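>>> Quick one, structure for this:
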Amino acid sequence: MGPLDAIWHLGNLFLPALALGALAAALAKLLWRRELAPVAWARLAWPAAAAAALVTVAGLVVFGRDGRMATYAAMVCACAITLWWRGFGPGR
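Prediction:
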């Protein structure tokens with residue numbers, strides 16, 4: 001595998017986590033517009049994406065490959081908990 005292939009593999013590994021964090025933060029800002037008005041989108045999106053990326057790596061270590069449904073379910077849970085923490089919880 002060449003360096004370009006390695007970059008594409010890493011990009012495709014973390015793309016679902018980044019997309020989930022960005023989309024979940026945007027939807028949270030849309031649904032709870034008044035409550036989350038003082039919180040910037042990036043302040044919600046980056047930690048949520050980072051939590052989902054950590055779960056992706058943990059799923060790769062635990063299951064030996066990526067793309068398992070359990071990993072995706074854990075990504076959604078980690079993203080939701082992080083959004084709650086940054087938007088409504090003590091981390092606000």
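>>> okay, and for the chain, where does confidence drop off?
Residue ranges of the chain with pLDDT under 70: none are present.
>>> how about the helices in it?
Taking DSSP state H to define them, one finds helices in the chain at 3-31, 41-63, 69-87.
>>> Any buried residues in the shortest one, and which?
When you say that, I think you mean helix 69-87. By 16 or more other Cβ atoms under 10 Å, the buried positions in helix 69-87 come out as 71-72, 74-75, 78-79, 82-83, 85-87. (C-beta placed from N, C-alpha, C; glycine too.)
>>> what's the answer for the second one, then?
Residues 43-53, 55-56, 59 are the ones in helix 41-63 that count as buried (16+ other Cβ under 10 Å).
>>> can those go into CSV with extra columns for distance to L18?
What follows is these, written out as CSV (distance: Cβ to Cβ, whole Å):
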residue, distance to L18
R43, 16
L44, 13
A45, 9
W46, 10
P47, 12
A48, 10
A49, 5
A50, 9
A51, 12
A52, 8
A53, 7
V55, 13
T56, 10
G59, 15
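>>> Closest one of the residues you listed to R92?
Among the buried residues of helix 41-63, R43 lies closest to R92 (Cβ to Cβ), at 9.2 Å.
>>> any idea how far the nearest residue to that closest one once chain neighbours are set aside lies from K29?
Closest residue to R43 in three dimensions, ignoring its sequence neighbours and counting by Cβ to Cβ, 6 or more residues apart in numbering: R86, at 6.2 Å. Taking Cβ to Cβ, to the nearest Å as the measure, R86 and K29 are separated by 11 Å.
>>> who touches both of those two?
39, 44 (Cβ atoms under 8 Å, 6 or more residues apart in numbering).
>>> Excluding covalently adjacent residues, which one is nearest to the residue nearest the centre of the chain?
Per Cα atoms, centre = their mean, the C-alpha nearest to the average position across the chain is that of A49, at 2.8 Å. Spatial nearest neighbour of A49, excluding adjacent residues (Cβ to Cβ, 6+ apart): G21 at 2.7 Å.
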